[in-house]
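>>> Give me coordinates for this.
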Amino acid sequence: MRSLVCRLCLLAGLVVLAGCNNDSGFSDLDAYMNEVRLRPPGKIEPTPTFRPQETFTYSAANLRSPFSRQVRVDQADRQRGSRNVRPDPNRVKQYLEGFNIEQFEMVGTISNAAGSFALLRGAGGVHRLKVGDYLGRNDGRIVAISATQVDVVEIVPDGEGAWLERPRTIPLKEHS
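Presented below is the predicted three-dimensional model:
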């Protein structure tokens, strides 16, 4: 039985291959190829010359982003930093200090026997923080947690070699 099936398959294959021996379908292709071969060789055009473009130097990289709110600073009313305030270089940095504080939003609070905690969304998840924890790149320390906001004090340079404590509030985001 097997040999009969093999013989039938072999016979069917030979019939299919015999049908492929028809050269009449390629006569138009052969005529085109002969025409192309009889053409005189074409001339290759030289590569185009390119003029060098004028260089451009972007000089606004150090300016304020046009998408951030403009802050007006009067030099007379400007707060001066203190030499007594400075970040602790020996303190071990916490995980959330590697992210910008602007990306965090308060989504709630929880309380238990250990105290009150703020729930902040950002840096790829929701984080539980307490008073005294740090977040943000400017040594931001949480100083107060309420039901509607988290108060943070950052230590930033004042531009004249001293440091300045800057308060910041992260409000509760409704309907998150």
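>>> quick one: secondary structure of Ile170?
Assigned state for Ile170: strand (three-state reduction, DSSP: H, G, I helix; E, B strand; the rest coil).
>>> now Met33
Taking three-state DSSP as the rule, one finds Met33 in the helix state.
>>> those helices in this structure, which residues are they?
Counting by DSSP state H, the chain has these helices, from start to end: 2-19, 27-38.
>>> Reformat these into JSON lines and put distance to Arg91 next to each item.
(C-beta placed from N, C-alpha, C; glycine too.) As requested, the helices of the chain are exported to JSON lines (distance: least, Cβ to Cβ, whole Å):
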{"stretch": "helix 2-19", "distance to Arg91": "80"}
{"stretch": "helix 27-38", "distance to Arg91": "79"}
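>>> what about the strands in this protein?
When assigned using DSSP state E, the strands of the chain occupy the ranges 105-112, 115-122, 125-129, 134-135, 140-145, 149-157, 163-171.
>>> Ala123 contacts Glu102, doesn't it?
No. Using Cβ atoms under 8 Å, Ala123 makes no contact with Glu102, being 11.7 Å away.
>>> Among the strands of the chain, show me which one is buried the most.
strand 134-135 (a mean of 24; mean count of other Cβ atoms under 10 Å).
>>> Do me a favour and get the end-to-end distance for stretch 88-107?
Separation of the first and last residues of stretch 88-107 by Cα to Cα, to the nearest Å is 29 Å.
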